[in-house]
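*Asks:* Output the structure for:
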Amino acid sequence: MPEKLALRPDEKRLIRLAKNGDSGAQKGLYDLLAPKMFTVCLRYMGDRMGAEDVLQDGFVTLFAKLDSFSGIGSFEGWARKIFVNTALMSLRKSDVLKGTGDIDEARSVVGSDVSPIQEIGYQELLRLVGELPPGFRTVFNMYVIEGYSHKEIGEELGISENTSRSQLQRARTLLQSKIRSLTDDKRR
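*Replies:* Predicted coordinates for the structure are as follows:
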């Protein structure tokens with residue numbers, strides 16, 4: 001049986017009241033989660049407007065499914081899955097992965113040197129990830145940040161495992177190039 005993580009008393013109370021339709025408690029949960037979940041949405045969508053739409057849709061889903069939260073594990077982790085899935089649904093609807101190539105094409109653009117990533121800050125790195133094309137950004141986020149396997153990514157996005165690998169490799173190559181340019185600019 002999974003280990004039950006203790007919720008903070010304020011979280012327990014807000015969740016209980018929100019499950020009963022208390023709008024003040026729902027606002028409290030929104031205030032608690034929105035900043036972190038907006039960051040998740042922004043990472044997937046790449047632009048503020050798209051992230052705001054996904055955030056709103058994610059909260060609609062969260063409140064509709066609140067009764068299914070069992071109290072086992074982290075509430076924030078449970079909520080995060082809802083927002084990731086909402087972002088993925090939005091990306092699927094816009095068909096951002098259409099026309100993607102496979103791993104063999106990616107191999108032809110891969111360089112052998114690695115960028116000095118330590119020279120740039122976290123916010124700069126997030127900005128660069130946000131500038132990736134949607135397909136690259138989606139697979140990068142799912143694999144590197146969320147920890148999905150290529151098989152899981154393929155199943156979630158309706159693409160092959162090779163396409164997932166290709167998108168990840170292309171994302172890494174593009175990020176390396178952007179980081180290299182950024183660090184070269186800083187050295188000048």
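*Asks:* Past the lowest-mean-pLDDT helix or strand in the chain, which element shows up next along the chain?
*Replies:* When the helices and strands of the chain are scored by mean pLDDT, DSSP states H and E, helix 103-107 comes last with a mean of 40. Counting by DSSP states H and E, the next helix or strand C-terminal to helix 103-107 is helix 122-130.
*Asks:* which helices and strands does the next helix or strand after that next one pack with?
*Replies:* Under the assignment DSSP H and E, the closest C-terminal helix or strand after helix 122-130 is helix 134-140. Secondary-structure packing of helix 134-140 (3 or more C-beta pairs under 8 Å, 6 or more residues apart in numbering; DSSP states H and E): helix 23-45, helix 75-93, helix 122-130, helix 150-157, helix 161-187. All C-beta spots, glycine's among them, are computed from the backbone N, C-alpha and C.
*Asks:* let's see 7 Å
*Replies:* Contacts defined by 3 or more C-beta pairs under 7 Å, 6 or more residues apart in numbering; DSSP states H and E place helix 134-140 against helix 161-187.
*Asks:* Buried residues, the helix it packs on. List them.
*Replies:* 161, 163-172, 174-176, 178-180, 182-183 (16 or more other C-beta atoms under 10 Å).
*Asks:* now do stretch 129-141
*Replies:* By 16+ other C-beta under 10 Å, the buried positions in stretch 129-141 come out as Val129, Gly130, Leu132, Pro134, Gly135, Phe136, Arg137, Thr138, Val139, Phe140, Asn141.
*Asks:* Likewise for stretch 41-48?
*Replies:* Buried residues in stretch 41-48 (16+ other C-beta under 10 Å): Cys41, Leu42, Arg43, Tyr44, Met45, Gly46.
*Asks:* I figured the third one hits Asn141, correct?
*Replies:* This means Arg43. Yes: under the criterion of C-beta atoms under 7 Å, Arg43 makes contact with Asn141 at 5.2 Å.
*Asks:* residue contacts, the closest residue to Val144 other than its chain neighbours?
*Replies:* Spatial nearest neighbour of Val144, excluding adjacent residues (C-beta to C-beta, 6 or more residues apart in numbering): Leu168 at 7.7 Å. Each residue near Leu168 by C-beta atoms under 7 Å, 6 or more residues apart in numbering is listed here: Val139, Phe140, Tyr143.
*Asks:* so where's this structure shaky on pLDDT?
*Replies:* 1-6, 95-120, 122, 186-188 (pLDDT under 70).
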